[in-house]
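1. could you look at this predicted model? Sequence included:
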Amino acid sequence: WCEKPTELLAQIIETVAEEGGTVTDPFMGSGSTGVAAVRMGRAFIGIEVDPLHFNTACRRISEAHQDLF
């Protein structure tokens, strides 16, 4: 388990992914990278084998996307 603050991930994404680009996280966990990517206008592809984490990530990313509108 490796918790990563969304704010830290946003700084990394801003540095390495162009606006409108795509961010990929092959070990998505609870979706913090996806939340940061969506908030910053990037597309996101996440991969997670644990169904519980996958469902949590989908919910969090969906909520982050809805918060933009």
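-> Great, that's in hand.
2. going by C-alpha atoms from here, please, whenever you check contacts or count neighbours.
-> Will do.
3. which helix or strand contains the residue nearest the centre of the chain?
-> Nearest residue to the geometric centre of the chain (C-alpha atoms, centre = their mean): residue 34, 0.9 Å. Assigned by DSSP states H and E, residue 34 belongs to helix 32-39.
4. just to revisit the earlier point, in terms of contact, does the residue nearest to the centre of the chain touch residue 40 like I think?
-> No - the criterion here is C-alpha atoms under 8 Å, and residue 34 misses it with residue 40 at 9.8 Å.
5. low-confidence bits of the chain, can you list those?
-> Applying pLDDT under 70 to the chain picks out residues 1.
6. who is residue 25 paired with across the strands?
-> residue 46 (DSSP bridges).
7. separation between it and residue 69?
-> Separation of residue 25 from residue 69 (C-alpha to C-alpha, to the nearest Å): 24 Å.
8. and the top helix by length along the chain, what other elements does it pack with?
-> Counting residues, the longest helix found in the chain (DSSP state H) is helix 51-66. On a contact count with 3 or more C-alpha pairs under 8 Å, 6 or more residues apart in numbering; DSSP states H and E, helix 51-66 meets helix 32-39.
9. what packs against the helix it packs on?
-> Using 3+ C-alpha pairs under 8 Å, 6+ apart: helix 32-39 touches helix 6-16, strand 22-25, strand 43-46, helix 51-66.
10. by how many degrees do it and helix 6-16 diverge?
-> 60 degrees (axes from the mean of the first three to the mean of the last three C-alpha atoms, to 10 degrees).
11. go ahead and confirm residue 46 touches residue 22.
-> No - using C-alpha under 8 Å, residue 46 makes no contact with residue 22, being 10.5 Å away.
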